[in-house]
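In: 3D, please:
(2 chains)
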Amino acid sequence: MSAAIVPDHRGRYGDFGGKYVPETIMFALEELEKAFEEAMKDKEFQERFQNELAIYSGRPTPLTLAERLSEVNGGAKIYLKREDLNHTGAHKINNAIGQALLAVRMGKKKIIAETGAGQHGVAAATVAAKYGLSCKVYMGKEDIRRQALNVFRMKLLGAEVIEVTSGSQTLKDATNEAIREWVAAVEDTFYLIGSAVGPHPYPKMVKNFQQVIGFETMDQFTRENDGSLPGAVVACVGGGSNAIGMFAPFINKDVPLFGIEAAGKGIETNQHAATLSKGTNGVIHGSLTKLLQTEEGQITEPYSISAGLDYPGIGPEHAYLHETGRVKYEAVTDQESLEALKSLCLNEGILCALESAHAVAYSLKLAKNMNKDESVVVCLSGRGDKDVHTLMEKAEGGNQHE
Amino acid sequence: MNKRWTAFQNSADYRFVPYIMAGDPCEEATIELSLALEDCGAAALELGVPYSDPLADGPVIQRAGMRGLKQKMNLEKTIKLVSKLRERGLKIPVIIFTYYNLLLQLGENRFMTLAEEGGVDGVLVPDLPYEESSYLKEMCSAHHLALISLVAPTTNKEKLNMLSSEAEGFLYCISSLGVTGIRSEFRDGLNDFLRAAKENSAVPVLVGFGLSKRNQIEQFEGTSDGFIVGSAIVKKIESLENELINNREEAIREFKQYVESLLPVYSR
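Out: Have a look, this model is predicted:
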């Protein structure tokens, strides 16, 4: 199946995508689209971006064969794409560097961002410090509580963290507030979106800056495996930026792809963030996609133990890949992700983010049903330091986010 | 164009268009507030539909939306509320102000049919820019509804000319960047923007967003054909919430006095 035709000139992935925003910010989207397309054709910009990824973020990140985990689990070999080893500890920095370079190129001095788990907030604060930009990060009150460490990191980096108290006080509401702020300050402010969501050209741009994950993986895997491709590729999806970056070069190859959503307490309950498994078509944050909503169109509050997956929508390209069947989307519960996180810790000495643990959990299931000579590659999108507080509360029997 | 729009467009007055939220603080209050606004000289009424994630609205209207949601108000009930307003004698055009997702979930066809039957005259969708609106515009046209166009100070000249020449009902000129809400001052060049909007417009050009005082409204006389007041009115409704439920007659009297205090003398 070819995905080369999307997005079209209107930013459509089949029925999904587009630009559903107030007229006030249409000019900014047009300005951004033009600047992005020009930058993509500019060799100097591309070289600078690749150079920053190498000398600042520490790319390429390794592709680690998880030998003990594979052995204990049984079945296929499990490889981990180590985005957790990026500077700031997650894949978010790839996109943040790309968008910040674009902001500088456009002459913008201020950036605003939204964050759930805080990884994008930290990445945005980091690049703002590096490139001399001011930075405001919108974050839900509940996420501020859950991710105190990342909040402190953002402040150390000089960013202003703005607490959002509306709605569920999580990523959805932080995004609403960031967009509202952008509408007011659009003339001199760059909105650095952290996932493959939002109006066109954001989903395309985020994929572009994140596809380094997939290209590196393909290169590393084929070199290690005599040119053959993996038996499956797995990544977690909230908004879906690490997944779309990981999937990008594999979409046109004959490799099964799996996007893993947060099933929270189970998709049969109303406490999950399984947008593709349970969502319906609608508009959220400037884009037509699949989302969790009531029959009347009120957006409902998602739930996941993982703040980064706690989002009611999903990037429009994922909605398209779901509809076309190219990517299979599955949901993993809090409990399954916690068990996978522990298993990864105990067998490999790697503490991954709770988001990534969802992908690990599914890869363990998948690998069990595959042969020992096959391989599954999992995107380990970030490290788990930020989640230690949540894990401690869980270990002590505390009740997170209920 | 129906007779309500004809009267609106032929009016020689400086047109006053208020915005209120359906179901805030309850359905019966919305009906009486609407009738009171017509009594005060409103030339048309914008009726908001409560939404969980209103991207273009500031805190005052967000809170009104939450009050409306508590009353279980939705798009379909808002259209039915317009029918009730017609039964109670409201004569001015009514524009439903809804975010696009609500319209999509009700179904565009169903919305059009219900709205046409219910006495709705127009629809305003703040998160549906021109670039995404051609299909809805065609449907509106087939059902005799005006799709109200919004233009902003950031809209380029070419697009402004196109939108103003194609506008239906009225052209909504956003006075300032940002979400809805009360402003203490307006950006430089606003009158130039309004003049440019009027140049090609076949319909009245109205200015809105942030207007909360008579002297602010008077600034735009001559460069616009009318004005829209939302947050200031909604804030007054919020302050009268309990009275509008328990002692409505008195509350409506106070509400009318407030609205009249906002209006330039020549608009009444």
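
In: host element of A:Glu330?
Out: Element membership of A:Glu330, judged by DSSP states H and E, is strand A:327-333.

In: residues of chain A that sit close to chain B?
Out: A:10, A:18-28, A:166-167, A:172, A:176, A:179-180, A:183-187, A:280-286, A:293, A:295-300 (Cβ under 8 Å from any Cβ of the partner chain). (Each C-beta comes from the backbone N, C-alpha and C, glycine too.)

In: let's see which of these end up in helices.
Out: A:26-28, A:172, A:176, A:179-180, A:183-185 (DSSP state H).

In: report pLDDT for A:Ala124.
Out: Here, the pLDDT recorded for A:Ala124 equals 98.

In: and the next helix or strand past the strand ranked longest in chain B?
Out: Identified as the longest strand of chain B according to DSSP state E is strand B:15-21. Helices and strands here follow DSSP H and E; after strand B:15-21, the next one along the chain is helix B:27-39.

In: extract the C-alpha set from that next one and format it as CSV.
Out: The C-alpha trace of helix B:27-39 is given here as CSV (Å, rounded to 0.1, in the frame of the first residue of the first chain):
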residue,chain,number,x,y,z
GLU,B,27,-33.7,27.2,28.8
GLU,B,28,-36.6,29.5,29.9
ALA,B,29,-34.1,32.2,30.9
THR,B,30,-32.6,32.0,27.4
ILE,B,31,-36.0,32.6,25.9
GLU,B,32,-36.8,35.6,28.1
LEU,B,33,-33.3,37.0,27.7
SER,B,34,-33.7,36.7,23.9
LEU,B,35,-37.0,38.5,23.9
ALA,B,36,-35.6,41.2,26.2
LEU,B,37,-32.7,41.7,23.8
GLU,B,38,-35.1,42.2,20.9
ASP,B,39,-37.0,44.7,23.1
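
In: helices or strands next to that helix in the packing?
Out: With contacts taken as 3 or more Cβ pairs under 8 Å, 6 or more residues apart in numbering or on different chains; DSSP states H and E, helix B:27-39 sits against strand B:15-21, strand B:45-48, helix B:75-87, helix B:231-239, helix B:241-246, helix B:248-262.

In: with mean pLDDT, distance to A:Leu380 and mean neighbour count added, can I get the ones you listed in JSON lines?
Out: JSON lines is the format used below for the helices and strands packed on helix B:27-39 (pLDDT from 0 to 100; distance: least, Cβ to Cβ, whole Å; neighbours: other Cβ atoms under 10 Å in any protein chain shown):
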{"stretch": "strand B:15-21", "mean pLDDT": "97", "distance to A:Leu380": "46", "mean neighbour count": "26"}
{"stretch": "strand B:45-48", "mean pLDDT": "98", "distance to A:Leu380": "46", "mean neighbour count": "25"}
{"stretch": "helix B:75-87", "mean pLDDT": "98", "distance to A:Leu380": "44", "mean neighbour count": "20"}
{"stretch": "helix B:231-239", "mean pLDDT": "97", "distance to A:Leu380": "47", "mean neighbour count": "21"}
{"stretch": "helix B:241-246", "mean pLDDT": "96", "distance to A:Leu380": "51", "mean neighbour count": "15"}
{"stretch": "helix B:248-262", "mean pLDDT": "96", "distance to A:Leu380": "59", "mean neighbour count": "16"}
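
In: what about A:Gly259, helix or strand, and which?
Out: A:Gly259 belongs to strand A:257-264 when elements are defined using DSSP H and E.

In: relative to the whole chain's centre, how far out is that strand?
Out: 12 Å (Cα atoms, centre = their mean, to the nearest Å).

In: again, but for stretch A:53-65
Out: Distance, centroid of stretch A:53-65 to centroid of chain: 17 Å (Cα atoms, centre = their mean).

In: run through who's touching that stretch.
Out: With contacts defined as Cβ atoms under 8 Å, 6 or more residues apart in numbering or on different chains, stretch A:53-65 is touched by A:77-88, A:93-94, A:97, A:130, A:212-213, A:216-217, A:220-221, A:224, A:348, A:377.

In: before we move on, what about stretch B:114-126?
Out: Stretch B:114-126 is touched from outside by A:22, B:2, B:4-5, B:44, B:46, B:55-56, B:76, B:79-80, B:82-83, B:85-86, B:93-100, B:103, B:106, B:111, B:133, B:136, B:140, B:143-148, B:150, B:168-169, B:172, with contacts defined as Cβ under 8 Å, 6+ apart.

In: in strands, which of the residues you listed fall?
Out: B:46, B:94-97, B:146-147, B:150, B:172.

In: mind putting the helices and strands packed on helix B:27-39 into JSON lines with distance to chain A?
Out: As requested, the helices and strands packed on helix B:27-39 are arranged in JSON lines below (distance: least, Cβ to the nearest Cβ, whole Å):
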{"stretch": "strand B:15-21", "distance to chain A": "14"}
{"stretch": "strand B:45-48", "distance to chain A": "14"}
{"stretch": "helix B:75-87", "distance to chain A": "7"}
{"stretch": "helix B:231-239", "distance to chain A": "14"}
{"stretch": "helix B:241-246", "distance to chain A": "19"}
{"stretch": "helix B:248-262", "distance to chain A": "24"}
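
In: let me know whether B:Tyr258 touches B:Val234 as I believe.
Out: No. Assessed by Cβ atoms under 8 Å, B:Tyr258 is found out of contact with B:Val234, at 11.7 Å.

In: count of residues packed around A:Gln46?
Out: 12 (other Cβ atoms under 10 Å in any protein chain shown).

In: grab the nearest non-local neighbour of it.
Out: Among residues not flanking A:Gln46 along the chain, A:Met40 sits closest, at 7.4 Å (Cβ to Cβ, 6 or more residues apart in numbering or on different chains).
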